[in-house]
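Participant: quick one: sequence and predicted model below, then my questions.
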Amino acid sequence: MSGADAPPSGADPDAEAEGGSTEDSDMELLRNLLARTLGLGSEPPERVLDELSLTGIARFMQSERCRRVVCMVGAGISTAAGIPDFRSPETGLYANLGRYDLPYPEAIFDISYFKQHPEPFFALAKELLPGQLKPTVCHYFMRLLKEKGLLLRCYTQNIDTLERVAGLQPEELVEAHGTFQTAHCLRSSCRHQYDLSWVKEKIFSSLVPKCDKCQSVVKPDIVFFGENLPSRFFSLLQSDFQKVDLLIIMGTSLQVQPFASLVSRVPASTPRLLINKEKTGQSDAFMSLMGFGCGMDFDSDKAYRQGLGVWGGLGGGH
Ligand SMILES: [Zn+2]
């Protein structure tokens, strides 16, 4: 807290947009959280969209007000590129793991199991890694945002590297669940780094990748169960989600925490656009009460700020 005794700024629609708002951001965050959780919202948030529609969003994006766009993306933007959602229990993948003789299906992505038995993971990776990586229109849309100078950051749950293939730079990305782009030797005294092509060559030859230096197993830098999310995720979200002008969420059912909770961290006036195959992310009273509000209420007038949902296929592979 700043210790300043001025009231939190930003609530008054006539207030100056610049200045003062960042130093009171902690208070603002707390106020917003309380207001949302307890339904105490006093003043309605400022309306920045002239119309709650895609046209309204497009007009906003062309205006001076919209300078920083954050994208949050999930498996749905990569399915058109032929990449199955292979960490999601809903894909049916877990039901087809019988041949790997796992103690339990999720063990294939469990770090302690992997250290003892890396073979099943690499056998699965061989089946699932596409030979050729072709980004979809969703990936190129984010590239376009970058070229227009609008992309503050892309937070992705995907590990398929398609954001990088489409032309986003590592500093523009937060790969919340890690990435196949790089891999490291598991031995803590070695940690030698390898790239995707080196790992792919081993995987496609049905070999468990072993370190050239010390012969320990080399693990792709994806986040396994039992591993922490990258520190970059936690360090950047603090500032990114305080200054974002527009949040675009694509191809994620907002089921996986802590990723899903990010949608609640944007300022009250920031519009949120959710593009997904199924209607999703709706308020769960219990989760909201617990302060994990990932709710996006699209059906209620009171929740104007909550944003716009667009449902339907996220096609566009080519
Ligand atoms: Zn090594």
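Facilitator: Yep, that arrived.
Participant: show me where the stretch 1-150 of the chain has strands.
Facilitator: Ranges of strands within the stretch 1-150 of the chain are 69-73, based on DSSP state E, counting those that start in this stretch.
Participant: can you pull out the helices in it?
Facilitator: 25-38, 54-62, 111-116, 119-128, 137-147 (DSSP state H, counting those that start in this stretch).
Participant: hey, which of these is tucked in deepest?
Facilitator: Most buried of the helices of the stretch 1-150 of the chain by mean neighbour count (mean count of other Cβ atoms under 10 Å) is helix 137-147; its value is a mean of 19. Every C-beta, even on glycine, is put in place using the N, C-alpha and C of the backbone.
Participant: which other helices and strands contact it?
Facilitator: strand 69-73, strand 151-156, helix 162-165 (3 or more Cβ pairs under 8 Å, 6 or more residues apart in numbering; DSSP states H and E).
Participant: now that helix - C-alpha only, CSV.
Facilitator: In CSV, the C-alpha atoms belonging to helix 137-147 read as follows (Å, rounded to 0.1, in the frame of the first residue of the first chain):
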residue,chain,number,x,y,z
VAL,A,137,-5.5,-17.6,-37.9
CYS,A,138,-5.8,-17.1,-34.2
HIS,A,139,-2.0,-17.2,-33.9
TYR,A,140,-1.6,-14.8,-36.8
PHE,A,141,-4.2,-12.5,-35.3
MET,A,142,-1.9,-12.1,-32.4
ARG,A,143,1.0,-11.4,-34.7
LEU,A,144,-1.2,-8.7,-36.4
LEU,A,145,-1.8,-7.2,-32.9
LYS,A,146,1.9,-7.1,-32.4
GLU,A,147,2.6,-5.4,-35.7
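Participant: flag every residue of this protein that's near the ion.
Facilitator: Counting by Cβ under 5 Å from the ion, the chain comes close to the ion at 185, 187, 190, 192, 211, 213-214, 216.
Participant: still on that earlier bit, how about the helices of the stretch 1-150 of the chain in a markdown table, adding mean pLDDT?
Facilitator: Shown next, in a markdown table, are the helices of the stretch 1-150 of the chain (pLDDT from 0 to 100):
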| stretch | mean pLDDT |
| --- | --- |
| helix 25-38 | 65 |
| helix 54-62 | 92 |
| helix 111-116 | 95 |
| helix 119-128 | 86 |
| helix 137-147 | 97 |
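Participant: of all the ones you listed, which lies closest to residue 267?
Facilitator: Across those, residue 267 has its closest neighbour in helix 25-38 (7.5 Å, Cβ to Cβ).
Participant: stretch 100-110 spans what distance, first to last residue?
Facilitator: 14 Å (Cα to Cα, to the nearest Å).
Participant: and that stretch, how far from the chain's centre?
Facilitator: The chain centre lies 25 Å from the centre of stretch 100-110; the measure is Cα atoms, centre = their mean, to the nearest Å.
Participant: rounded mean pLDDT for it, please.
Facilitator: On average, the pLDDT along stretch 100-110 is 88.
Participant: buried set for it?
Facilitator: 102, 105, 107-110 (16 or more other Cβ atoms under 10 Å).
Participant: before we move on, back to that, of the helices of the stretch 1-150 of the chain, which is nearest residue 242?
Facilitator: Per Cβ to Cβ, nearest to residue 242 of these: helix 25-38, 5.2 Å.
Participant: could the helices and strands packed on helix 137-147 go into CSV alongside distance to residue 60, mean neighbour count and mean pLDDT?
Facilitator: Shown next, in CSV, are these (distance: least, Cβ to Cβ, whole Å; neighbours: other Cβ atoms under 10 Å; pLDDT from 0 to 100):
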stretch, distance to residue 60, mean neighbour count, mean pLDDT
strand 69-73, 10, 25, 96
strand 151-156, 15, 24, 97
helix 162-165, 24, 22, 94
